[in-house]
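K.L.:
Build me a model:
(one chain, ligands or ions: 1)
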Amino acid sequence: MPVQNSAKMTVKFVNAVRNYHMIQKEIDAAYRDVMESGEYIARRHLSSFEENLAKFVGTKYAVGLNSGYDALHMSLRAAGVGRGDEVIVPAHTFVATCSAVVNAGAEPVLVDVGKDFNIDISKIEEAITPRTKAIIPVHLSGYMADMPAVMKIAEKHKLAVVEDACQSLGSSINGRGAGSWGLTGCWSFYPFKILGGYGDGGAITTNDPEVADFARRMRYNGEDRHTGEYHGHGFTCLLDNLQAAFLDVKLRHLPAWIKFRKALAQRYRDALSDLPDLLLPHYDRAGFDHIYQNYTLRSKQGSDFSDYLKANGIEVLTQFRKPYYRHEALKLKDRGFPETEALSREVCSLPMNVEITDEEVAYVIKTVRAFYKK
Ligand SMILES: *Cc1c(COP(=O)(O)O)cnc(C)c1O
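P.N.:
So this is what the prediction gives:
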């Protein structure tokens with residue numbers, strides 16, 4: 001039932017080109033600066049970005065890596081996770097959280113999530129065994145997992161905590177930033193992320209100097225660049241100097257961009273909260289900030305709802321209709337995750353970006369309401 005509507009428009013989920021045009025002068029200047037200097041690997045643009053990222057997150061160190069996946073993988077290795085160990089991960093997350101555990105040689109143990117899409121604190125302890133070595137809380141969509149509770153459980157059971165903060169740069173609980181609670185915080189600069197580069201990129205943040213050193217060496221084939229000594233069989237997974245220069249520019253805009261996202265989320269809330277079949281992502285929990293990397297709502301009408309938006313030109317994400325543990329080739333144990341199953345049928349992320357126009361937002365709202373004929 002497409003809207004019979006002459007003013008049909010297209011609304012992108014993220015409009016990367018429009019975003020580039022918003023900051024084109026600064027990005028082009030950064031490009032020229034790198035190109036004219038011939039500095040491509042681990043030079044001043046990278047260290048500048050690392051310094052600014054650490055400051056932004058509230059940690060002593062940041063180490064630029066190739067991707068969010070590499071950040072997770074490196075963190076698990078830094079925590080000494082390997083064969084025979086178990087690591088707790090949420091059943092609802094991007095698959096990379098889990099794959100990092102498997103590729104580190106350990107076994108992922110999945111735990112269901114709660115209404116806020118983050119790991120269900122009340123179900124963590126029943127998943128802990130004598131082999132459990134670490135836990136990866138994921139801060140999904142811009143809203144942090146309950147870190148005070150996670151840290152308490154981790155302390156009690158002597159588990160390392162690796163924060164998958166890939167979707168929550170700039171979020172916090174009681175003023176303490178995502179990515180500054182655990183042994184490391186893991187970041188992704190994939191183009192769709194709140195701080196997106198023009199290609200892949202990632203980083204870890206940490207307060208532990210040994211972890212920072214470990215990551216700096218392992219990203220560079222295990223080599224200590226000052227002494228030339230190899231400290232282990234490493235990888236090649238540095239954040240490119242050029243990407244770092246771009247990200248440094250965008251990081252300066254991030255505080256204003258987060259404000260814009262919060263205002264947009266509020267606009268969706270004001271316009272849609274009377275629709276009883278929609279569950280909107282507002283939790284109003286004291287001290288918990290939400291920076292709206294994604295505006296993921298739940299619709300009782302599931303794919304009928306998301307297909308209707310798509311048919312009317314609105315790009316939405318439905319991550320994930322098929323939970324990752326149900327992909328057979330991954331050989332994961334489905335211990336029964338009712339909340340993940342339920343939300344998987346219902347999730348729909350509306351366009352949420354800083355490039356969107358007023359008219360586009362109005363069109364998204366109008367189309368959602370048209371589906372419910374209100
Ligand atoms: C994007 C993302 C990752 C992986 O990041 P890449 O840079 O694509 O490797 C991991 N976890 C979560 C929750 C993510 O959203």
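K.L.:
Can you name the residue of this protein nearest the ligand?
P.N.:
Nearest residue of the chain to the ligand (C-beta to the nearest ligand atom) works out as residue 68 at 2.5 Å. Using the backbone N, CA and C atoms, a C-beta is placed for each residue, glycine as well.
K.L.:
Could you pull out the strands in this structure for me?
P.N.:
Along the chain, counting by DSSP state E, strands occupy 61-65, 86-90, 107-111, 132-135, 160-164, 172-173, 176-177, 184-188, 202-206, 278-279, 295-299, 347-350.
K.L.:
The last one and the ligand, are they touching?
P.N.:
To tie it back to what came earlier, the one meant is strand 347-350. No. Using C-beta under 6 Å from any ligand atom, strand 347-350 stays clear of the ligand, with a minimum separation of 11.8 Å.
K.L.:
Please list all residues in contact with residue 249.
P.N.:
Residues in contact with residue 249, defined by C-beta atoms under 8 Å, 6 or more residues apart in numbering, are 23, 26-27, 30.
K.L.:
Whichever of those residues end up buried, select them in PyMOL.
P.N.:
A single PyMOL command is used to select the members of those judged buried by 16 or more other C-beta atoms under 10 Å:
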select buried, resi 27+30
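K.L.:
and which of the contacts of residue 249 is nearest residue 268?
P.N.:
The shortest gap between residue 268 and any of the contacts of residue 249 belongs to residue 23, at 24.8 Å (C-beta to C-beta).
K.L.:
Distance check, the closest one against residue 88.
P.N.:
For residue 23, the distance to residue 88 equals 39 Å [C-beta to C-beta, to the nearest Å].
K.L.:
Show me what from the chain comes close to the ligand.
P.N.:
Close to the ligand, as judged by C-beta under 6 Å from any ligand atom, the chain has residues 67-69, 93-94, 96-97, 138, 164, 166-167, 188, 190, 200, 202.
K.L.:
coming back round to it: mind putting the contacts of residue 249 into TSV with pLDDT and distance to residue 158?
P.N.:
TSV is the format used below for the contacts of residue 249 (pLDDT from 0 to 100; distance: C-beta to C-beta, whole Å):
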residue	pLDDT	distance to residue 158
23	98	45
26	98	46
27	98	45
30	98	44
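K.L.:
among the contacts of residue 249, which two are most distant?
P.N.:
Maximum pairwise distance among the contacts of residue 249 (C-beta to C-beta): 9.6 Å, between 23 and 30.
K.L.:
May I see the contacts of residue 249 organised as JSON lines, with distance to residue 103 added?
P.N.:
Listed next are the contacts of residue 249 as JSON lines, based on distance: C-beta to C-beta, whole Å:
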{"residue": "23", "distance to residue 103": "35"}
{"residue": "26", "distance to residue 103": "37"}
{"residue": "27", "distance to residue 103": "33"}
{"residue": "30", "distance to residue 103": "33"}
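K.L.:
Now go through the contacts of residue 249 and say which are in helices.
P.N.:
Among the contacts of residue 249, the subset assigned to helices under DSSP state H consists of 26-27, 30.
K.L.:
and stretch 324-338, which residues are buried?
P.N.:
Within stretch 324-338, the residues scored as buried using 16+ other C-beta under 10 Å are 324-325, 332, 337.
K.L.:
Tell me which residue lies nearest the centroid of this protein.
P.N.:
Centroid check for the chain by C-alpha atoms, centre = their mean gives residue 167 as the closest residue, at 2.0 Å.
K.L.:
Verify the contact between it and residue 144 for me.
P.N.:
No. Between residue 167 and residue 144 there is no contact, the gap being 9.9 Å when judged by C-beta atoms under 8 Å.
K.L.:
Report the contact partners of residue 144.
P.N.:
Counting by C-beta under 8 Å, 6+ apart, residue 144 touches 118, 168, 171-173, 178, 288-289.
K.L.:
Mind picking the two most distant members of those residues?
P.N.:
118 and 172 (14.5 Å).
K.L.:
Between the two, which is the more surrounded one?
P.N.:
residue 118 (24 against 21; other C-beta atoms under 10 Å).
K.L.:
Not counting residues beside it along the chain, what's closest to the more buried one?
P.N.:
The shortest distance from residue 118 to any non-neighbouring residue, by C-beta to C-beta, 6 or more residues apart in numbering, is to residue 145 (4.1 Å).
K.L.:
related to what we said a few turns ago, for the residue of the chain closest to the ligand, which non-adjacent residue is closest in space?
P.N.:
Nearest residue to residue 68 in three dimensions, chain neighbours excluded: residue 188, at 2.8 Å (C-beta to C-beta, 6+ apart).
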